[in-house]
Structures are given as structure tokens and as C-alpha cells.
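Chemist: Take this sequence and fold it.
(2 chains)
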Number of protein chains: 2
Amino acid sequence: MNIDHLALRQAVADGFAAQTDWLAKLVSFDTTRGNEGPCQDWLAGEYAARGWEVDRYTIDEVAIEGLPGYSMVVDVDYSKAVQVVATHRVEEPAGKSLILQGHIDVVPTGAPELWSRDPFKAEIIDGWMHGRGAADMKCGVSAMVFALDALRRLGLEPASTVHVETVSEEECTGNGALSTLVRGYRADAALIPESMGHKIIRAELGSVWFRLRILGQPGHVLASAAPGAHAILAAGDYIAALQELTAEINAEARSHPWFGQIESPVKFNPGKIRGGDWLGSVPSWCELECRLSVLPGHTLPDVRARVTAAVAACAERLGTAMPVLTWIGFQADGHVFEPGTAAEATLARVHESILGGVLEPVSLTATSDTRFYDLYYGIPALCYGGNARGMHAPSEAVDLASLRQTTEVIARFVADWCGVRRIG
Amino acid sequence: MNIDHLALRQAVADGFAAQTDWLAKLVSFDTTRGNEGPCQDWLAGEYAARGWEVDRYTIDEVAIEGLPGYSMVVDVDYSKAVQVVATHRVEEPAGKSLILQGHIDVVPTGAPELWSRDPFKAEIIDGWMHGRGAADMKCGVSAMVFALDALRRLGLEPASTVHVETVSEEECTGNGALSTLVRGYRADAALIPESMGHKIIRAELGSVWFRLRILGQPGHVLASAAPGAHAILAAGDYIAALQELTAEINAEARSHPWFGQIESPVKFNPGKIRGGDWLGSVPSWCELECRLSVLPGHTLPDVRARVTAAVAACAERLGTAMPVLTWIGFQADGHVFEPGTAAEATLARVHESILGGVLEPVSLTATSDTRFYDLYYGIPALCYGGNARGMHAPSEAVDLASLRQTTEVIARFVADWCGVRRIG
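Modeler: Residues are numbered from 1 along each chain as shown, chains lettered A, B, ... in the order given. From the prediction side, this is the model:
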């Protein structure tokens, strides 16, 4: 059945005050890694109240180890990693099925001095909602849920199966998304409403996370330490070696079909460091944790081998033992969403109708959950959402007007892709 | 009265098996900072058993704040910082009084992978006792105590007051030594038997400890961080700036009367680092803790001002805010023990008689507790002890034959300096 576009826009608008409050509630949960449970339980209740089947489980209940896309589990207890899949099921589906997926994990807030407000208290300033996770990507989760609410407000529901999935681990492994697929949830397309500025991801980088445990040759600081003996200074040498490898990979990226136009798309981030115990001793250890992007077309084993070789060569130059190198998070392939799917055509049509311009593709220099759907399970995955700023920064905020449009886009996309029918 | 030198040597030798066991017991206490209590309580019992008056107290009971030589108290609870002063008191002193002082605090063991043995289980290999603190400086503490035991074995005791002091905080502030002086313990000389290879310290460097809290401009790693925005990489810039300052000071040191002959005597140690929380975010903070030596003749306010200026200039180059700079431990003056004291003459005579060569002076590129006695309280301070190796390293060990000689030197020094008389 056809739907009344203006009525649907109005239904989204009518629900938007409630949606904004709901999003503020979602932001109020500290969902940093290991703490997602209370938020997911609240969401499970929200889903149940909408009449959806709710599957609440933890990742440790699902055998994901070693599967394609799997990332090593380090420093975390997966018996606390709560995932929720809510399902709107119909007995005789009339349209295509859909997964709407969003992650509710957020990155740590970092130095408190840099925050002028409580990170977990949403605040609206000039039409932008601020708060940790407001943009990445609790706003997207609100759009998924309130898009379906808008249809319901018109007395409509999807005419085929829709899974509404809220996962964790998107910011470090992707194992939450993987677990939903291993648990059996499939559909004809997946839509992940990350804040993409109303563009669609055409290609994205993967990434690998690793840790170097560097050992020194400790002693009293009264003598000068030999090169490599000072574990913290040696960490600086390993950083320089990995920056050199990154420059080498970025030189290769210049001819990449999807990333060639971006200046140095591959990023190396020595993002965490811990070393030394005592200022009167030459530090005996330093742990350096790093993230390196992975270009589509570069395989993970190859990237890992290059990292290993760069570290080994640096150790040899320093005349010290090879640091213990461990893979501690993301082992994520880069990938390309080839144009031409029916799902993208549907989204493009809806986007153009609502926002008035063509749907532009973007090559993302980050990693999202999309790879699990398209790369490992053959499900066309659309990553599309509204305007945001300050991702991972204290300035993180989402443009509420844009969020309302995203919600409308999703509602129309559901109507077109799944079809709708009268409730009851 | 004169003593029989050969008999005293024999008395030291007769007690040496017990001394070795006693030292092994001392090594078995983990006396890293904050954990000194049980060791000090055991020592207090040992002192009491010898008939000495025992004053066991904690640093928080003594008003040391702001006094000359005082170092800032950071990250530690001084209600647990147990100090022990044991006093051999005579009613009518016939000689000069003496402080025998040793520290029982040890530096942390560092990376466990670098230890082939339990750091706190003494092990004797080829005449060397291994273990954390065996050389720095529990061996010296055993020499102080067993030197007096050797005299007692001959039926003798010092003819004047001797304070046997075991302090903590030598490895980070010196506030333990300071507290003994503020509490009123004074003498005509002080002897600290650090393992000096049978030399005497003529000059030593001071040191300052400080912490930089560096803030970044966090964000998602998908974009390249601006210079200074990445707090961990910025730490590398501050390290380089402080290395430059150190080189500048070492150039000045070339004309120093006591350190001019030593290549780069001033050491800069970025000994501890903690930074970042998440590999997908540009790190928002990094804490870098450092130690810098202080030349005799350079004032602490001047050194602190130079450190501050170097950090500020680096921050300006990076275009970022000045890191928060805190002074977190040692604020120790360098100093020179001018030759010519009666105490040194006595020690030199005893040393030559027992070891057969002249007593050589040494300029120490480290910091000991001696400054409190000579610099702030006008008490001639002798820092003299035997052979050791691997200070602050897993290879730390003390040469037991050398320790026996040190014990004999101290016994003879006590006899000459304080005089002796028959017990009872």
C-alpha cells in the first residue's frame, strides 16, 4: 500500500518531542565498555512495550570465536556484554525483511578537565543535543525506534520482518554485531544509522588494535641508559617506526580506487601508554597500545605481518629483544559497498524525496559495524544518518533537525522496503 | 681505651654468619613505598633486644612541611611511613656522638619477566647476596647493627651516644631522614653505609621529581590530529624539550669543580608515563613523570624555573595550553662534602688500616640522604660502604666479603670516634 508522505512527516514531527526525551534518557546511561547492561535492559523494556519479541543475551552465550570478522577478546568480561534484538514479526510477509542496527556502546570520556558539562547529561543548545554518545550513535538508535513509532501513529506496521538490534562492542571489536548474525538474525538488507551527514558509506577502512609490551634493561638512573634500555624512550622509537610504516601504506593508498583522493587516509594512533614505576630507576617496561587503519584490498594477515616486521626491525636497530606483540581488539577488514543494490536505490529515492539532493557516497576513514553484514553474510548494508559533530570529543553533539529528517527517511525506507499494512 | 684490632676483626667474622642470615631476613620484607611498617617493626624489636632505646614513629607525627630539605608529599600516606631511631645512651659520654643511618625502603621490582628469582628471597651465589634491597641498602643496615654487635662480643660498648636510625623515603623524598632531625636527633657526625665501593662521597647531585599533565584535543582517530592535539605524541615533544635542557645543563657542568670530569653527569629520566583510554580516540591526556639531577651550586628554585620555562616554550611551539606541572617528590639540593673534617680523617685512617689503600673520594651522580646532615644541620656526613652491583636492577647484589670489611670499618670507626668502654 502507498503511504501519505506528508502524514508520515507529520507523524515523525508529532513524536519528536518524545523522541528527544527518549534520546536524552539513552544518553544518561554510561555505556562505556562493560557497563552497557542497564541501558540494554531499559531498551529491552522499551521494545517489549512496543509488542516486539525481545531476545536479550550476552556475547559469551554465542560461539563467535574464530569466525570471519571475529576480533580477539581482551580485558573484558563478555558475560556482561548485553545485546538486544527486538523483532517485529509478521505471519505472512508481504515485503522484504530488514535489520535496523545501532550500537549503544560509547567511547570513554577522557580527561575530565576538557568537559564543561556532565558527559552523561544531555543538554540542548541551539538545536544540538550534546552528550557522550548523543551523536555516536544513540541518536541513530532513537531514529530506528521512532521511525517505527511514526508508522504506528498512522496505524501502520511493516509488512515483513524487522529486527531492531542494539549492540555493543562497535567501538573496539564489532563482536556485538557478529553475535547477532551468529545467533541467526538475517534480513534482505541492513540499515545502520550512524551520523554520516546524510551521506551513505561507499567504502570504509578496517583497523587493527595491538599492544607492544616493551622491556628495558632497568638500573639506577645515575648511569646513562643504553639505546633501547629505557623502555619509555624505546616506546618513542617504536612509535616512529610505525609512523614510517603508516607513511608507506599511505603512499600505496594514493592509487586506491576509493581512498586515493583522501590525503593520508590511513591513521596510526598510539592511543594508550603505560610505563615505568619509579623515577629513580630506568623504566623496565612500557606498554604501548595502537590502532592502525586497514585499506580495502589489504588483508589482515598481511597488515599484521607488516606491523610485526616494523616492530622487529626497530627492536633490531635498538639491539633489544622483540617486544611482546598482542592483537587486542579490532581485527576489521576494510571493505567497499559496491553501488547498484536495490536497498541503496530505495534509500537514495527516499533521501532525495525528503532532503532534495542526490544521495552522495562517502569513503569513511573509520570502521563501522557494516562489514559483518555485507562482507561476511552477504546482506546489503546501508550506513546512513544525519548531521553530527565532535565524534569522540567533549564537543560531541547531534543536530536535532537533521535527526528528525533521518527519522523520516528511515520511516519511509521501511515503508518502501518492507511494505506496510494496517495494524490489527 | 685502645682496642685489639685483630680481635675486633675476629669478632666481626664470628658474627658474620648471623649477620648474613639477618640480612636475608631484612631482604625478605617487601619494603617498597608504603609497605615499610612490618620491616621497621621487626627492626624495632631487634634494637630493643640489644638494650637500645627505641623511638618508633611515623612521619605524619613530625612537622616537617616547608623545612629546608623538605620534599612535597604526593601519592602516599605518611601515617604508614614508619621510622625507627634506636639509641645507645651513656650517662657520662667519653667520646663523640654518632648517627648511624640506613634506609630500608627499596625501589619497585619493575617488570616481573626480568626477574629469574623472587626479588624478596635472598640468594647467595659465588659470595654475592642477590635480592631487591640487598645492596641498596639493607646490607649497610646490617653493617651498622653488626658492627656494634662485634664490639659487644668483645665486651665493649660505645663510650658516647650512638643513634642507629632506619628510615624510609630515601628513594623518593628524603623526608624520613629529615624527620629524624626535626624530631631532635643530632650527633657530632653521621655515617650512612651506602654501597659506595669502599669510597667516600665527596660530592653528590641533587634531583627534582615532577609531573606533567598534558591535555590533548581529543576526537575520533578518523581525522589527523593537529600538532599538540595528541597528548601521547605531545609527551614525546616535552621529553625532547627536557632532553635539550639537560644537554644545556651538562654543557655548564663541564666546568664544575666536582662533576667536570664526568661525561654528562646530569641525567633526565622520563621514568613513568600514563596516557590515553581508548585506541579509537585521539588521547585527551598523558601524565609524564620525570626526574632531573641538580648540580651542586644550582639552586632548586632556579632548576624548577628552567624546567618550567622549557615546558612552557614547548607548549607554545605546539600551540597548546601549558601542561599542569607539579613537583611530586625529591626537591634535593646537590652538595659537596668539603674535605678536612675530623670524622673523615678518622674514617680514612680506619679504611686504610683495614683495606690497605687510601680512601678515595667519589662524585656521585645520584642522591643520598646525606644532604640533611651536612647541608641543613651542620653535621659532618660520611657516606661510605662496600661493593655492590645492579642497583635498582634485577641483578642487584652485594659482595659479602666486602660487607664483612665494611662492618669491620664501622666497628673500628665507632671505637675511634665514640670511644669504647667495658660493658657492665
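
Chemist: What are the boundaries of the helices in chain A?
Modeler: Defined through DSSP state H, the helices belonging to chain A, from first to last, are A:5-14, A:16-28, A:37-49, A:139-153, A:175-182, A:231-253, A:300-318, A:342-355, A:370-371, A:377, A:400-418.

Chemist: just so I know, which of those helices lies nearest A:Leu288?
Modeler: Evaluated with CB to CB, those place helix A:231-253 nearest to A:Leu288, the distance being 4.8 Å. No exception for glycine: its C-beta is placed from N, CA and C like everyone else's.

Chemist: Looking at the stretch 1-150 of chain A, what residue ends up closest to chain B?
Modeler: Residue nearest to chain B within the stretch 1-150 of chain A (CB to the nearest CB): A:Gly110, separated by 3.3 Å.

Chemist: what about the residue lying closest to that residue once chain neighbours are set aside, distance to A:Ser395?
Modeler: With CB to CB, 6 or more residues apart in numbering or on different chains as the criterion, A:Gly110 has its nearest non-adjacent residue at 3.3 Å, and that residue is B:Ser284. Plainly put, B:Ser284 is 12 Å away from A:Ser395 if you go by CB to CB, to the nearest Å.

Chemist: Same question for A:His5.
Modeler: In this structure, A:His5 and A:Ser395 are 35 Å apart, going by CB to CB.

Chemist: Okay, now the unreliable bits of the stretch 1-150 of chain A?
Modeler: Applying pLDDT under 70 to the predicted model, the stretch 1-150 of chain A contains no residue that meets it.

Chemist: Chain B contacts on that one?
Modeler: The interface of the stretch 1-150 of chain A toward chain B, taken as CB under 8 Å from any CB of the partner chain, is made up of A:Val107, A:Pro108, A:Gly110, A:Ala111, A:Glu113, A:Leu114, A:Asp136.

Chemist: if I read this right, the second one contacts B:Leu279, doesn't it?
Modeler: Translated: A:Pro108. No - with contacts defined as CB atoms under 8 Å, A:Pro108 does not count as touching B:Leu279, sitting 10.7 Å away.

Chemist: Give me the distance between the two termini of stretch A:47-67.
Modeler: End-to-end distance for stretch A:47-67, by CA to CA, to the nearest Å: 29 Å.

Chemist: How about that stretch, which residues are buried there?
Modeler: With burial defined by 16 or more other CB atoms under 10 Å in any protein chain shown, the residues of stretch A:47-67 counted as buried are A:Tyr47, A:Arg50, A:Trp52, A:Val54, A:Asp55, A:Arg56, A:Tyr57, A:Thr58, A:Ile59, A:Val62, A:Ile64.

Chemist: Look up the pLDDT of A:Arg389 for me, please.
Modeler: pLDDT, the model's per-residue confidence, is 96 for A:Arg389.

Chemist: which residues does it bridge with?
Modeler: In this structure, A:Arg389 has the following beta-bridge partners (DSSP bridges): A:Ala397.

Chemist: To what extent is A:Ala251 buried, counted in neighbours?
Modeler: A:Ala251 has 11 neighbours, counted by other CB atoms under 10 Å in any protein chain shown.

Chemist: Would you check which pair of the buried residues of stretch A:47-67 lies furthest apart?
Modeler: Of all pairs drawn from the buried residues of stretch A:47-67, the one with the longest distance (CB to CB) is A:Arg50 and A:Ile64, at 28.0 Å.

Chemist: related to what we said a few turns ago, how many residues are close by the residue of the stretch 1-150 of chain A closest to chain B?
Modeler: Look at A:Gly110: counted by other CB under 10 Å, it has 25 neighbours.

Chemist: Just confirm it contacts B:Asp277, I think it does.
Modeler: Yes - under the criterion of CB under 8 Å, A:Gly110 lies in contact with B:Asp277, with a separation of 5.9 Å.

Chemist: between the two, what contacts are shared?
Modeler: Counting by CB atoms under 8 Å, 6 or more residues apart in numbering or on different chains, the contacts common to A:Gly110 and B:Asp277 are B:Pro283, B:Ser284.

Chemist: returning to what we had before: which two in the residues of the stretch 1-150 of chain A next to chain B are spaced the farthest apart?
Modeler: Pairwise distances across the residues of the stretch 1-150 of chain A next to chain B (CB to CB) peak at 21.5 Å, for the pair A:Glu113 and A:Asp136.

Chemist: So for the two, which residue has more residues nearby?
Modeler: Remark: of A:Glu113 and A:Asp136, A:Asp136 carries more neighbours, 26 against 13, as counted by other CB under 10 Å.

Chemist: between A:Pro108 and B:Leu279, which one's more packed in?
Modeler: The residue with more neighbours, out of A:Pro108 and B:Leu279, is B:Leu279; 26 against 19, by other CB under 10 Å.

Chemist: what's the spacing between the more buried one and chain A?
Modeler: Taking CB to the nearest CB, to the nearest Å as the measure, B:Leu279 and chain A are separated by 4 Å.

Chemist: Pretty sure that residue sits against A:Gly329.
Modeler: Yes - shown here, B:Leu279 and A:Gly329 form a contact pair, counting by CB under 8 Å, at 6.5 Å.

Chemist: from the middle of its chain, how far away would stretch A:251-259 be?
Modeler: Relative to the chain's own centre, stretch A:251-259 is displaced by 23 Å; criterion: CA atoms, centre = their mean, to the nearest Å.

Chemist: and for it, what are the contacting residues?
Modeler: For stretch A:251-259, with CB under 8 Å, 6+ apart as the criterion, the contacting residues are A:202-203, A:205, A:260, A:262, A:264-266, A:295-297, A:336, A:363, A:365.

Chemist: for stretch A:224-238, same thing?
Modeler: With CB under 8 Å, 6+ apart as the test, stretch A:224-238 has contacts from A:212, A:214-219, A:270, A:273, A:275-276, A:282-286, A:288, A:311, A:314-315, A:317-320, A:323, B:111, B:236, B:239, B:264, B:267, B:269-273.
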